[in-house]
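Enquirer: Could you look at this predicted model? Sequence included:
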Amino acid sequence: MALAIWWVSRSRVGRVDPADARARLSAARVAHLATADAAAVPHLVPIVFALDGDLLYFAVDHKPKKGPDLRRLRNIAANPRVSVLVDRYDEDWRRLWWVRADGRAAIHAEHPAAVAALTAKYSQYQDIPPLGPYVTITIDRLAGWSFA
């Protein structure tokens, strides 16, 4: 399936700017992952991630969690459709923007490419790489908005 990209700007309504959307997504240090369970009950959590082409990686890492049975993983197992949002807020609203990646997530016990990409992006993983599980999101749509 071809990746669809939609970008809206105040001066370019409907114009596609895939390079800008990708660059903003890739450069972001934190994102918000939206999942939903089989009954469509939503769940939103912040994640650190790495982008590799049309794949987005994140992992369960050593940061404190309630336990290994994470709702985000249960939701993905029940309903693999997810969204990931990165954004910039500024008191000067002319600097506002957001990019959303929609896709299908899959959970992996091991994923060397995810470990490599995450370790390359986040120095915190140099000493303690994420142990997993690992999640890949195959992006099938990017959407975004920018004031300017």
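Expert: Perfect, I can see it now. Numbers count the residues shown, from 1 in each chain.

Enquirer: what's near enough to touch Ala78?
Expert: Asp37, Ala38 (C-beta atoms under 8 Å, 6 or more residues apart in numbering). C-beta here means a position set from N, CA and C on the backbone, and glycine is covered the same way.

Enquirer: Could you check how far it is from Ala106?
Expert: Per C-beta to C-beta, to the nearest Å, Ala78 is found 13 Å from Ala106.

Enquirer: now Pro129
Expert: In terms of C-beta to C-beta, Pro129 sits 20 Å off from Ala106.

Enquirer: ditto for Asp52
Expert: Using C-beta to C-beta, Asp52 is found at 14 Å from Ala106.

Enquirer: What about Tyr134, how many residues nearby?
Expert: Neighbours of Tyr134 under the rule other C-beta atoms under 10 Å: 22.

Enquirer: Could you list the buried residues of stretch 71-78?
Expert: Under the neighbour-count criterion of 16 or more other C-beta atoms under 10 Å, stretch 71-78 has Arg72, Leu73, Asn75, Ile76 buried.

Enquirer: List the backbone torsions phi and psi for the second one.
Expert: Backbone dihedrals for Leu73, given as degrees, to the nearest 10, come out at phi -70, psi -40.

Enquirer: who touches it in this structure?
Expert: Residues near Leu73 by C-beta under 8 Å, 6+ apart: Val60, Ile107, Pro133, Val135.

Enquirer: Need the phi and psi values for the closest residue to the first one other than its chain neighbours.
Expert: For Val60, ignoring the flanking residues on the chain, the nearest one in space by C-beta to C-beta, 6 or more residues apart in numbering is Pro133 at 5.6 Å. Pro133 has phi and psi values of phi -70, psi 160 when expressed as degrees, to the nearest 10.

Enquirer: Pretty sure Pro133 sits against Ala105.
Expert: No - look at Pro133 against Ala105 with C-beta atoms under 8 Å: they stay out of range, at 11.1 Å.
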